[in-house]
Structures are given as C-alpha cells and as structure tokens.
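structure for the following, please:
(one chain, ligands or ions: 1)
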Amino acid sequence: MRQADVIIVGAGIIGAACADALSERGLQVTVIEQDVPGSGATAAGMGHLVVMDDNAAELALSSYSLTLWRQLAAGQDQAARHEYSQCGTIWVAADEEEMAAARAKAEVLSAHGIACDMLDANQLYAAEPQLRAGLAGGLLVGGDGLVYAPKSARLLLGKAQARGAVLEYGSVTALEDHGVVLADGRTLRAQHIVLAAGSRCSLLLPELPLQPKKGHIAVTDRYPGFIRHQLVELGYIKSAHAASGSSVAFNLQPRPTGQILIGSSRQFGTTDLAVDNAMLQAMLRHAVSFTPALAQHHILRCWTGLRAATPDGLPLIGPHPARQGLWLATGHEGLGITTSLATAQLLASQMCGGSSAIATSPYLPERFHG
Ligand SMILES: Cc1cc2nc3c(=O)[nH]c(=O)nc-3n(C[C@H](O)[C@H](O)[C@H](O)COP(=O)(O)OP(=O)(O)OC[C@H]3O[C@@H](n4cnc5c(N)ncnc54)[C@H](O)[C@@H]3O)c2cc1C
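Down below sits the predicted model:
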C-alpha cells in the first residue's frame, strides 16, 4: 500500500467529496472516520440542494455545486443511487412584503443565469394545493433538488476507494504538522492533512471560528404526492442567518419515497443532541400553520444535528493560516450537502494547482486570522 499523500479526518459528505476529488487528481488518500461514514450532520440534514444568494460568495459556491450535483446524478441509474430528485424549491411568500423579497431574489438569481419563475397566488395553489389559504405567491427555483446525503457520502467515498483510497476507522485525538495522532496511540503522516470533521473540528482546533447550531428534523410515513416541491417560507432566510436565539421556519421536503421531511429549527449554545420537545413542537406547529393537512400525518421519527457555523456564514476551505500541511474543509452550516462538491473542487485546485471554476478567496480560512 502506498503511503498516503493526504489524510482526511472525517467521512461526512465533505470528507467523502474531498476524497473523491483528490483521488481523482491522482493523490493517495486515507480517510479516517471514528463512526459510520455519513453519520454526522450529513445524516441529520435534509439533503436539500438549494441555491442560496445571501451574498455573492454563497451564490457562487451553491450554484457551482448544484451544477456539479446535476452532473453527478445525471442519468436514471445515478439519480436512483443518490435518491436524487430535481423537485425544485418554492420560496413561499405569505404577504406583499415577502412577495417583494421574492421578486428581489428572482432578480438576483436571473442575473446569474439561474432559472426561476415568480408565482402569483393562483399559480402557487395550482403547484401546491395543500398550502393554507391566503398566501400571496412565491418563487419557483426549478433547478434545486435533493439527495439522500448519507448515501451520497458512501457513494463518493466508494469512488475514491475504487481508485485506491483507504478508509481507516479510528478517532483522531490531535493534529501535528503533516500528521494525525489516533486514539490507539498511532501517528499517521502525510504531506497534507484535511480537517473535515464537521462541528467536531473545534475539539481538535479550538481556535477555529465555529459555533454549533442545533437543528431538528421530523420524518412522516409515506404520503406520495402530498407536496411536490421543497417548500420554504421566505422568512427562513431571517431564521437561517440569525446569530443568536432560537427560531423555527417552515421547510417541507417531498422525499422520493413519499415521506415528508419537516424542518427546520435553529438553536445556539448547545451540543446536546437530545430532541428538545418544546422546539420540536414549535417547529411542527409552524409547519402545520402552512400545510394544515399535515396535522393528520403520522410522524415516524425525529432527530437533531449540529451545523458548524462561521461568523460570516461562509465555509472555511483552504490552508490553515498558521499550521504546516493542514487544510480546512468545514464551517458549512446549513448548506454543506449542497456545497460539498464545490468545496472538494476548490480544495483540490488549491492543493494540486490549476484553475478553479470560481474564486477561492471568499472561503479562505485566513480571513479570520489575525
Ligand atoms: C438539521 C439539519 C438540516 C440540514 N439540512 C441541510 C440541507 O437540507 N441541505 C444542505 O445542503 N445542508 C443541510 N444541513 C447542513 C449539512 O448537513 C452539513 O453542512 C454537512 O452535512 C456537513 O458535513 P461534514 O462532512 O462537514 O460534517 P459531518 O457530516 O458531521 O461529518 C464529519 C465526520 O467526521 C467524523 N469525525 C469527527 N471528529 C472526528 C475525529 N476526531 N476522528 C475521526 N472522525 C471524526 C464524524 O464522525 C463525522 O462522520 C443540515 C444540517 C442540519 C443539522
């Protein structure tokens, strides 16, 4: 077995995507995972692939990554393997103020070549009859989609393993220059170390500007055709970017199985993964206020996960500003499934040289070094 050129800590969607991209460029990759690949935030997430446009860098990263996802999941076979569906997103506008926000969003997306359509109230109800009466309209972004992210992580890792990448089970307890120390006492060395351990990156590098944002999700039994698009209230954007406090937002997803995923909530200052009943109730009540018939549906399971959030909402992708041979691929907050493939390409282009499809500078960790 060749000595690794790169050790990746963490086999979530980010580590797996990096393993795929780096092995594709001919590097010998070892991935170290302390649990089951894809079992962290990746398994907790909704798997919504969504173009977000709160700033130019977020729009560039998410729309580039959406393009890569559509390529990866092209063809029936690949789409089925990733449980990919191009369901599109409808951003639901409750009133005229939110319609104005939808129009502003449509302008930004259209200016960047992203197809989208404003819906008046009639068009909204024709598209999604289960929505409550009295809504103003919405914005349909047809290129958005969804995947089953833990499976995608396994598939990406499998592609890397087919090129010779090695998956090692173990817990990394410390990072050294060009090396990692494992809980069993071994030290593994490589020219490059990539830290892709999600919210747990802070345990290994407490200086990182990351804080956990806890989220709840519930999944229902199968109700095929209940909704057809990912439905998100425009108010979600306020909730997603709040820097403190707890909040819920209406976010409903039609799984290809006919199940409905119900989100979303955000809480700061806790890493306790237990379901918080008050938060869950608030989230479900809010969802029912948008789709009243949801109240009749059976919920099978609820769970939580931790998003790793940076102060500016953008991920950390690139060399650690002060540590030899250490690279960061973390801080993806609530968008890491969407942005995983682009993250991996940006990291690979920095590590291996060569051009990248979008600028790498907005995501460099050095922006917080100081
Ligand atoms: C409730 C919720 C909903 C979300 N919905 C969406 C969505 O719809 N769309 C979207 O794009 N994003 C969504 N996200 C965000 C997305 O899930 C994350 O950004 C993404 O999964 C982060 O992936 P990751 O690989 O960085 O982290 P993780 O998936 O957490 O993977 C990190 C891996 O590293 C391993 N690890 C950690 N420490 C060590 C160590 N010391 N040694 C060895 N291994 C280690 C862990 O076991 C884990 O497998 C959501 C997140 C949450 C919580």
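
which residues touch the nearest residue to residue 121 once chain neighbours are set aside?
Take residue 121 and drop its neighbours on the chain: the residue closest to it by Cβ to Cβ, 6 or more residues apart in numbering is residue 137, 5.2 Å away. In this view, the C-beta of every residue, glycine as well, is placed from N, C-alpha and C. The contact partners of residue 137, taken as Cβ atoms under 8 Å, 6 or more residues apart in numbering, are 93, 99, 102, 118-121, 123-124.

the chain - how does it break down into domains?
Here the domain parsing of the chain from automatic domain parsing is 6-45+149-209+313-368, 86-143+211-309.

so which of these is the most packed in?
domain 6-45+149-209+313-368 (a mean of 21; mean count of other Cβ atoms under 10 Å).

where does the stretch 1-150 of the chain have low pLDDT?
Within the stretch 1-150 of the chain, the stretches with pLDDT under 70 are 1-2.

all helices for the chain, in order.
Here the chain has its helices, by DSSP state H, at 13-24, 41-44, 56-72, 76-82, 96-111, 121-127, 149-162, 201-204, 236-241, 277-290, 336-352.

near the ligand, which residues of the chain show up?
Residues of the chain lying close to the ligand (Cβ under 6 Å from any ligand atom) are 9-15, 32-35, 39-42, 44-48, 171-172, 196-198, 200, 204, 215, 217, 305-307, 330, 332, 334-338.

now distance to residue 266 too, for the helices of the chain, in CSV please.
Formatted as CSV, the helices of the chain follow (distance: least, Cβ to Cβ, whole Å):
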stretch, distance to residue 266
helix 13-24, 20
helix 41-44, 13
helix 56-72, 17
helix 76-82, 26
helix 96-111, 19
helix 121-127, 26
helix 149-162, 19
helix 201-204, 18
helix 236-241, 6
helix 277-290, 9
helix 336-352, 15
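
of those, which approaches residue 367 most closely?
helix 56-72 (10.5 Å; Cβ to Cβ).

and for the closest one, what's in contact with it?
49-53, 78, 82, 84, 86, 108, 112, 114, 143-145, 147, 313-315, 335, 338-343, 345-346, 357-359, 362-363.

picking up where we left off before, which one of the contacts of residue 137 is nearest residue 133?
residue 121 (9.3 Å).

pull the contacting residues for the closest one.
135-137 are the contacts of residue 121 under Cβ under 8 Å, 6+ apart.

where in the stretch 251-370 of the chain is pLDDT low?
Checking the stretch 251-370 of the chain against pLDDT under 70 turns up nothing.

any idea of the pLDDT on the residue nearest to residue 6 when sequence neighbours are not counted?
Spatial nearest neighbour of residue 6, chain neighbours left out: residue 192 (4.4 Å); criterion: Cβ to Cβ, 6+ apart. pLDDT, residue 192: 98.

do you know how far residue 192 is from residue 348?
11 Å (Cβ to Cβ, to the nearest Å).

returning to that earlier point: quick one: contacts for the residue nearest to residue 6?
Contacts of residue 192 (Cβ under 8 Å, 6+ apart): 5-7, 27, 178, 325, 327, 351.

so it versus the ligand, what's the distance?
16 Å (Cβ to the nearest ligand atom, to the nearest Å).

try residue 252
Taking Cβ to the nearest ligand atom, one finds residue 252 at 11 Å from the ligand.

please shift the residue numbers so they start at 803 in all later answers.
OK, 803 is where the count begins now, so the last one is residue 1054.

contacts only, for that residue.
1029, 1032-1034, 1062-1065, 1089, 1092-1093, 1096.

out of these, which sit inside strands?
Counted as lying in strands by DSSP state E, out of these, are 1032-1034, 1062-1065.

sort out which one of these lies nearest the ligand for me.
residue 1065 (6.0 Å; Cβ to the nearest ligand atom).

beta partners of the spatially closest residue to that closest one that is not a sequence neighbour?
Once flanking residues are discounted, residue 1065 sits nearest to residue 1053: 4.0 Å by Cβ to Cβ, 6+ apart. Beta bridges link residue 1053 to residue 1034, residue 1065, judged by DSSP bridges.
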